[in-house]
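K.L.:
what's the 3D shape of this:
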Amino acid sequence: MTEQTAPRHAVFPTSRLEDADGEGLNPTNNRTMGEIVAARFSRRDILRGALASTAIAATLGPVALLTADEAKAETKGSRFSFTEVEAGVDETHHVASGYDADVLLRWGDPLFTDSPAFDPRNQTPEAQARQFGYNNDYVGFIPLDGSNEHGLLVVNHEYTNDHLMFPGIVTVSEKADEKNPDKKVPVLVVKDADKTRVDIEMAAHGGTVVEIRKVDGKWQVVREGALNRRITAETEMELTGPAAGSARLQTVADPSGRKVFGTINNCAGGVTPWGTYIMAEENIHGYFTGKLPEGHKEAANYKRMGIPEGTYQWGRFHDRFDVSKEPNEPNRFGWVVEVDVMDPNSVPKKRTALGRFKHEGAESIVSRDGRVVFYLGDDERFDYVYKFVTSGRFNASDRAANRDLLDEGTLYVARFAEDGAMEWLPLVHGEGKLTAENGFESQADILIETRRAADLLGATPMDRPEDVQPNGTNGRVYVMLTNNTRRKDDQVDAANPRAKNAFGHIIEIAEEGGDFAATKGRWEVLLKCGDPSVAEVGATFSTETTKNGWFGMPDNCAVDTDGRLWVSTDGNSPKGTGRTDGLWAVDTEGEARGTSKLFFRVPVGAEMCGPLILDDMQTAFVAVQHPGDGGEDWKGFGRLSYYEDLSTRWPDFQPDMPTRPSVVAITKQGGGKIA
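P.N.:
Predicted structure coming up:
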């Protein structure tokens, strides 16, 4: 039996603040973002809220942002209009008054006309492969017939929580408290998995493509949709781009180094301008077990990625997840995957040109000259922000012409300076230190070891970069930095009172000349997150932000058609912030800049993922991940949560149903635009 104090929490993003950071595997002494921010802002400016529009305009000048006077003239108050939800913790979800939040898809829901009904006590791999997967994260929409009321919903399934999914595998025990050995604390003891359970988990990973349609103002799943599809950890895929065929990607099962089965830990993602679905592989390290042969050439590479971590037991039944048997297999994960949703039989492609690391997402925008720019975050403490610029140009009139745009281009990593300048450093073989003398024999080596290449270039280590979202309306780019509780005290001075950055912050970038393909730009802090009523936290929400409006741990985000920013969170909890995660509307313009309002909140233990605002702004889709994963810190439950004893049975609230991750469709009562 395997003892886990909180299954998965040491590896994956969860609803618990203390476990939401990742390992922090960057060995360099490159200056951290915290140190740069500290050098740039005085304590007086932080306490006064130096992120007002006047400071932004003065710092960023004419690059892409409005001047202070222009911003004030354009936006005197908040651009969002809705009655704010009250922050708190309970067993269900809450949405702003005047809106409906309807559960559209739940874990286990049938996706095809021949899919079996969900039976949580009699799960099989075959059934799960025909049903909606677990822990829905990224949500995208690809219109059909040019309609905002009919299209394909694409959803990532990041990981699985076995203690919430499976009956009869958990017992509650006790162990000594690490901080106080004389004290006993309760723990969940989870039985070792058998092959059937492992195969169900593998089938619950990946993604879903499903046709949906709005009927009488409500969204419905079209199970007979010809394009419906499940992608799992065993779906055949093709490796393409500069690293494809590298000896470092070759295995016994695939001596070509071009064919791989499955995609795992797909966190955020994207939809390309040409209508394909992007899945980003993030925390791949937890799936691998075993030990590399002594002196193996991949040892340093895997250490930088935290491989093997061994949270999952897949390697006991599938040799490819045991590095002692297939030492190259981990190099075949950690990529960006592209899926042609218009062909349900298409082979998904892992596009190696976009680099290999713990990808949070891959949001894109077309630059002025027609090249396509993808923004990428590497979600780990002290890791980096990237972007990829295609060599080819987007052809809006010929979808097929864009088929392989992601195989050629330049991958860049960001370096931020104290004076507000930034530059994008090209990760190109033969340039600077990226040479054979430093172990890079080819561009393939740089892409396989993207982190090490970025280390050598002196990129800026960040506090868990997650979603990076370009805004085509105002020309800015928003970087969600979730937190970093391992920042040391000696990195703090009077200018930055945020050692052990528990609540995260949001960076705003203006690319030079307003060109998203530029290699230089300016940066500013939009928000330092946390409770603004606690002075030592140093939060910088506007004074118009209510006690319900502030948040910690920004994770995913979306920009709507009007250019407004929406932020979802990962890590708010009864103990950490006195509230659950949720979706906040954040003003970025004018006098209201830095004002935040709570629009939707999730049940206890859940993480808020997505979000997605459709182009007509009449629907917001959000993904509620791992509801019920926790409850011991909530007075309404007060103990560990697992299948038989759950802190919530959302969304069904039936005694024979477990809690189920779900996608929720939010619409305005009577119709109309959101907020």
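K.L.:
list the helices and strands the longest helix seen in the chain packs on?
P.N.:
With secondary structure taken from DSSP state H, the chain has its longest helix at helix 195-204. Packing partners of helix 195-204 (3 or more CB pairs under 8 Å, 6 or more residues apart in numbering; DSSP states H and E): helix 125-128, helix 162-165. Where you see a C-beta, it was placed from the backbone N, CA and C, and this is true even at glycine.
K.L.:
quick one, what contacts the closest residue to Gly275 other than its chain neighbours?
P.N.:
Nearest residue to Gly275 in three dimensions, chain neighbours excluded: Ile142, at 5.2 Å (CB to CB, 6 or more residues apart in numbering). The contact partners of Ile142, by CB atoms under 8 Å, 6 or more residues apart in numbering, come to 151-152, 154, 271, 275, 277, 341.
K.L.:
mind doing that once more with 10 Å?
P.N.:
Counting by CB atoms under 10 Å, 6 or more residues apart in numbering, Ile142 makes contact with 151-154, 209, 227, 271-272, 275-277, 341-342.
K.L.:
just Asn345 next, same as before
P.N.:
Neighbours of Asn345 in contact, by CB under 10 Å, 6+ apart: Arg229.
K.L.:
just the pLDDT at Asp490, thanks.
P.N.:
On the pLDDT scale, Asp490 is placed at 63.
K.L.:
oops, could you answer that again for Glu178 instead?
P.N.:
We have a pLDDT of 84 for Glu178.
K.L.:
and for Arg48?
P.N.:
Note on Arg48: pLDDT of 34.
K.L.:
flag the shaky bits of the protein, pLDDT-wise.
P.N.:
Within the chain, the segments meeting pLDDT under 70 span 1-23, 30-75, 487-499.
K.L.:
could I get the CA-only coordinates of the host helix or strand of Leu105 as PDB?
P.N.:
Leu105 belongs to strand 99-106 when assigned by DSSP states H and E. Taking C-alpha atoms only, strand 99-106 is exported to PDB below (Å, rounded to 0.1, in the frame of the first residue of the first chain):
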ATOM      1  CA  TYR A  99     -26.800  34.700 -14.500                       C
ATOM      2  CA  ASP A 100     -27.300  31.000 -14.900                       C
ATOM      3  CA  ALA A 101     -24.400  28.600 -14.400                       C
ATOM      4  CA  ASP A 102     -25.400  25.300 -16.000                       C
ATOM      5  CA  VAL A 103     -23.300  22.100 -15.800                       C
ATOM      6  CA  LEU A 104     -22.700  21.100 -19.400                       C
ATOM      7  CA  LEU A 105     -20.300  18.200 -19.100                       C
ATOM      8  CA  ARG A 106     -19.300  16.000 -16.200                       C
END
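K.L.:
offset the numbering so it begins at 68, please.
P.N.:
Sounds good: first residue 68 from here, last item strand 166-173.
K.L.:
ok, it: who's next to it in the sheet?
P.N.:
The pairing partners recorded for strand 166-173 under DSSP bridges are strand 729-735 (antiparallel).
K.L.:
gap between the partner strand and the chain center?
P.N.:
Distance of strand 729-735 from the chain centroid (CA atoms, centre = their mean, to the nearest Å) equals 19 Å.
K.L.:
what's around Trp457, how many residues?
P.N.:
For the record, residue 457 is Thr, not Trp. Using other CB atoms under 10 Å, Thr457 has 25 other residues around it.
K.L.:
elements contacting the helix or strand where it lies?
P.N.:
Element membership of Thr457 [criterion: DSSP H and E] is strand 452-460. With contacts taken as 3 or more CB pairs under 10 Å, 6 or more residues apart in numbering; DSSP states H and E, strand 452-460 sits against strand 430-433, strand 438-444, strand 476-483, strand 488-493, helix 517-524, strand 532-538, strand 543-548, strand 572-578.
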